[in-house]
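1. pasting a predicted model and its sequence here:
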Amino acid sequence: MEEETFLMERYKLVMMRVREIPEEIGKRTTKGFPWEDFFSQMASWMIGLDNFREWKLSHDFKDWSLEEWQSFYEEMYRPLRQDYEISYANPDRTTESFGKAYGQLFSFLASEIYRSFSQWMTGHLEAVVILWELFVEVYTDFVYGEEEGILPSVEAIAKAVYWYVSDYSDEMVSWRIHEQQEPDFSSIKSIIMSEDLTDLRYLYRFGEYISDTELGTAEYMNRLSEKAINAMAETFVDGYIRGFEINRISLENKKYVTVRGSLGFERVFRSAVEKFRERGLEPVFFPASTTILNRRQVRIGYQGKSVNPQFEFDHCKDKALYYDRAMANRYLAALKKAYEECREWISVNAGPACFETFGELPFAPAVKENACHLSPKQQKLEAEFSDLQAGLAEQYMKSSEISFTIIAFPTPDIGRDYEAVFDEIVKVNTLDNNVYREIQQKLIDVLDKGEYVYVRGKYPNRTVMKVRLHPLKHPDKETNFENCCADVNIPLGEVFTSPMLTGTEGLLHATSVYLNGIYFKDLMLRFADGRIVSFDCGNSENRDSNRRLIKDYLLGGRDSLPLGEFAIGTNTTAYAAARKYGITERLPILIVEKMGPHFAIGDTCYSRAEDHAVFNPDGKEIIARENEISARRNEEGFQAYFNCHTDITIPYDEIEEILVIDKDENMFPILRDGRFILEGTEDLNMPLNIH
């Protein structure tokens with residue numbers, strides 16, 4: 001209580017100063033300085049949020065109608081949506097006003113302040129206070145600087161940002177880990193379980209931006225029967241539990257499951273909470289992070305639709321403003337301290353259950369020169385410390401002792417056929433495991449004869465890949481490919497392996513693909529001995545811009561990554577539905593990877609759990625759990641990993657052939673002209689023939 005009182009006192013003091021800023025600027029006799037408008041606009045926005053705080057003190061949440069909540073949220077998020085082009089959160093706007101060096105700092109400050117709306121709505125007062133104190137500090141520097149005839153230098157403002165991040169790393173990292181691990185730290189579960197979900201005003205309690213997508217999804221969920229809702233929840237929960245059974249991991253000492261969800265599906269999550277509890281697991285929900293102190297390139301947590309993908313993209317590398325080795329070390333130390341604080345919860349957490357959504361048009365970002373970009377030195381540092389952070393997490397939550405599941409459903413963004421598409425995806429997510437397990441075993445039996453697999457694309461796809469397989473010393477007891485049904489990865493429908501790198505070579509071409517939230521056109525990756533040796537895409541006419549996009553957002557700032565997985569997808573039902581409704585480009589990789597052969601760059605599917613034996617339903621051990629890089633883990637530790645795994649799929653209609661080649665150069669055809677031709681797999685073509 002003392003800490004909360006102290007925070008509120010700090011908040012009132014900083015807000016008192018913020019309220020003075022527009023009036024001070026309005027009284028200035030010397031006009032025309034660009035920074036005046038910046039500070040006036042930002043202060044006015046902050047005052048608007050404080051006015052809401054004062055209203056909230058004497059009103060109930062339901063004193064506003066749904067329309068009033070919509071209007072309020074639209075106004076608060078306007079600088080990131082309708083007005084983004086002229087907003088100070090846009091680095092192009094601030095660069096035009098202040099020059100690039102000042103502009104990046106002003107744009108960073110504006111973006112963080114606008115994001116603080118979510119923190120304020122969810123009660124994270126400390127994050128708001130420390131950020132707004134930084135704003136007042138920078139404003140004061142400009143006021144005093146002008147009085148002295150010398151505006152504060154870029155270095156001085158950058159230093160203020162640096163110490164803001166450094167000084168509060170411990171508190172913000174601790175808050176984030178507690179959110180993720182402490183069962184009732186967040187109010188999300190309470191809202192899901194106690195609110196009247198037929199009154200859509202409940203959505204505004206989460207603090208996330210609420211668009212027509214979330215409203216439409218919640219409205220549709222309310223129209224579904226209790227039986228349909230329970231069936232969706234059961235598929236989600238059952239897949240999670242089955243993951244432990246398939247991988248022979250004990251749930252005996254586990255108490256919690258971390259649920260990553262999507263706004264609008266609260267009826268499903270309410271049912272899932274009850275079903276997890278029936279299995280002895282208490283769900284933990286946590287919000288997606290917004291502050292730079294905890295934000296990742298890809299948001300994770302309980303969240304809604306992005307307020308603006310271009311805004312998110314423009315600011316995903318803002319850490320370039322302050323990132324150095326000392327800062328990385330500070331963050332790592334704070335992370336270790338937070339893990340220690342939450343050790344008791346972490347030790348009994350069974351792992352994540354992820355419920356994702358899809359439907360939006362692919363986002364093709366504009367790569368802005370005025371946005372922040374990590375320097376080569378910072379990129380190298382980020383990769384190094386990403387390894388260390390992953391290694392630290394592994395110490396507290398061992399990969400071999402946890403499992404996960406991922407499932408996805410469409411939102412109304414998918415278009416006018418939303419309800420029909422939704423029904424199709426329910427069908428895709430609930431296909432018969434037993435039927436597919438038998439068919440996929442026939443594929444595996446032939447694949448296990450091979451020394452390598454040959455994949456050739458069909459025009460306009462230029463793929464020509466030779467994938468080297470691990471030798472099987474005991475074919476009667478060993479296999480290279482996992483028979484993947486609906487457990488950790490829903491929907492079912494693939495057989496996958498971790499290929500050998502030596503001898504794996506060729507060109508991988510994706511004519512159109514949506515990866516890590518970004519649309520890539522004509523993505524070209526060339527491999528030699530399993531490593532990427534060159535890359536390009538056709539997103540723009542500027543080749544340097546294309547290569548930087550790939551390097552930054554697919555390779556994690558690296559010049560190369562290995563091939564971590566090769567798989568053949570078998571879910572032709574999903575493929576047929578995608579073609580029928582013209583939604584292929586809107587589907588998540590979770591489904592797309594089952595709609596043809598796919599190649600994953602980065603770590604293998606068994607990353608950090610290579611020593612845990614895995615078996616197929618036929619009892620054979622899957623021995624292809626590592627490659628030449630991850631095999632060095634005992635000598636190099638976590639530096640033998642890349643902490644990424646990105647699947648790239650070639651759709652059936654772009655496949656000329658897939659052949660298995662044995663050591664005697666005998667060829668066994670698997671697919672030809674986009675159809676399965678191996679005996680015993682012909683039934684997979686039925687959905688393709690219908691559509």
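-> All right, it came through fine.
2. the helices in the stretch 151-300 of the chain, which residues?
-> Listed in chain order, the helices found in the stretch 151-300 of the chain under DSSP state H, counting those that start in this stretch are 154-167, 169-181, 188-194, 212-223, 226-246, 266-278.
3. got those as a markdown table, with mean neighbour count columns?
-> In short, each C-beta sits where N, CA and C put it, glycine included. Below are those laid out as a markdown table (neighbours: other C-beta atoms under 10 Å):
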| stretch | mean neighbour count |
| --- | --- |
| helix 154-167 | 16 |
| helix 169-181 | 21 |
| helix 188-194 | 18 |
| helix 212-223 | 18 |
| helix 226-246 | 19 |
| helix 266-278 | 20 |
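4. out of those, nearest to residue 9?
-> Nearest to residue 9 among the helices of the stretch 151-300 of the chain is helix 169-181 (16.9 Å), distances taken as C-beta to C-beta.
5. and the closest one, what other elements does it pack with?
-> Here helix 169-181 touches helix 125-148, strand 256-260, helix 325-341, going by 3 or more C-beta pairs under 8 Å, 6 or more residues apart in numbering; DSSP states H and E.
6. most tightly packed of these?
-> Among these, strand 256-260 has the highest mean neighbour count (mean count of other C-beta atoms under 10 Å), at a mean of 23.
7. which neighbouring elements make contact with it?
-> helix 169-181, helix 266-278, strand 282-285, strand 349-358.
8. let's see it at 10 Å
-> Here strand 256-260 touches helix 169-181, helix 188-194, helix 226-246, helix 266-278, strand 282-285, helix 343-347, strand 349-358, going by 3 or more C-beta pairs under 10 Å, 6 or more residues apart in numbering; DSSP states H and E.
9. so which of the helices and strands packed on helix 169-181 gets nearest residue 300?
-> With C-beta to C-beta as the yardstick, what comes closest out of the helices and strands packed on helix 169-181 is strand 256-260 (5.8 Å).
10. could I have the closest one exported to PDB, CA atoms only?
-> Provided in PDB are the C-alpha atoms of strand 256-260 (Å, rounded to 0.1, in the frame of the first residue of the first chain):
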ATOM      1  CA  TYR A 256      -0.100 -24.500 -14.300                       C
ATOM      2  CA  VAL A 257      -0.500 -24.000 -18.000                       C
ATOM      3  CA  THR A 258       0.300 -20.600 -19.600                       C
ATOM      4  CA  VAL A 259      -2.500 -19.700 -22.100                       C
ATOM      5  CA  ARG A 260      -1.800 -17.200 -24.900                       C
END
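11. ok, whichever strand or helix holds residue 511: who's next to it in the sheet?
-> Taking DSSP states H and E as the criterion, residue 511 maps to strand 500-515. Sheet partners assigned to strand 500-515 using DSSP bridges are listed as strand 464-468 (antiparallel), strand 518-528 (antiparallel).
12. pipe the ones you listed into a markdown table and attach distance to residue 279, mean neighbour count and mean pLDDT per row.
-> Output for those, formatted as a markdown table (distance: least, C-beta to C-beta, whole Å; neighbours: other C-beta atoms under 10 Å; pLDDT from 0 to 100):
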| stretch | distance to residue 279 | mean neighbour count | mean pLDDT |
| --- | --- | --- | --- |
| strand 464-468 | 38 | 20 | 98 |
| strand 518-528 | 37 | 19 | 95 |
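13. gap between the most centrally placed residue in the chain and residue 127?
-> Taking C-alpha atoms, centre = their mean as the criterion, residue 298 is the residue nearest the geometric centre of the chain, at 3.8 Å. Counting by C-beta to C-beta, to the nearest Å, the gap from residue 298 to residue 127 is 20 Å.
14. same thing with residue 275?
-> 34 Å.
15. cool, and residue 373?
-> Distance of residue 373 to residue 127, given as C-beta to C-beta: 26 Å.
16. before we move on, what about residue 363?
-> As judged by C-beta to C-beta, residue 363 and residue 127 stand 27 Å apart.
17. residue 459 too?
-> Going from residue 459 to residue 127 by C-beta to C-beta gives 53 Å.
18. contacts only, for residue 485.
-> 239, 242, 246, 431-437, 440, 491-494, 617 (C-beta atoms under 10 Å, 6 or more residues apart in numbering).
19. likewise for residue 134?
-> 14, 109, 112-113, 160-161, 163-165, 167-168 are the contacts of residue 134 under C-beta under 10 Å, 6+ apart.
20. which one of those residues is nearest residue 52?
-> If you rank the contacts of residue 134 by distance to residue 52 using C-beta to C-beta, residue 113 comes first, at 14.9 Å.
21. the helix or strand containing that closest one versus helix 125-148: what angle between them?
-> Per DSSP H and E: residue 113 is located in helix 100-121. The directions of helix 100-121 and helix 125-148 differ by 150 degrees, with axes from the mean of the first three to the mean of the last three C-alpha atoms, to 10 degrees as the criterion.
22. got the domain boundaries for this protein?
-> The chain breaks down into these domains under automatic domain parsing: 2-167, 179-405, 432-690.
23. make TSV out of the ones you listed and add distance to residue 416.
-> As requested, those are arranged in TSV below (distance: least, C-beta to C-beta, whole Å):
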stretch	distance to residue 416
domain 2-167	22
domain 179-405	12
domain 432-690	10
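24. out of those domains, which gets nearest to residue 413?
-> domain 179-405 (3.5 Å).
25. for that closest one, how far is the first residue from the last?
-> End-to-end span of domain 179-405 (C-alpha to C-alpha, to the nearest Å): 20 Å.
26. which residues in the stretch 301-450 of the chain form strands?
-> 349-358, 405-410 (DSSP state E, counting those that start in this stretch).
27. I'd like these laid out as TSV, including distance to residue 326.
-> Output for the strands of the stretch 301-450 of the chain, formatted as TSV (distance: least, C-beta to C-beta, whole Å):
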stretch	distance to residue 326
strand 349-358	31
strand 405-410	36
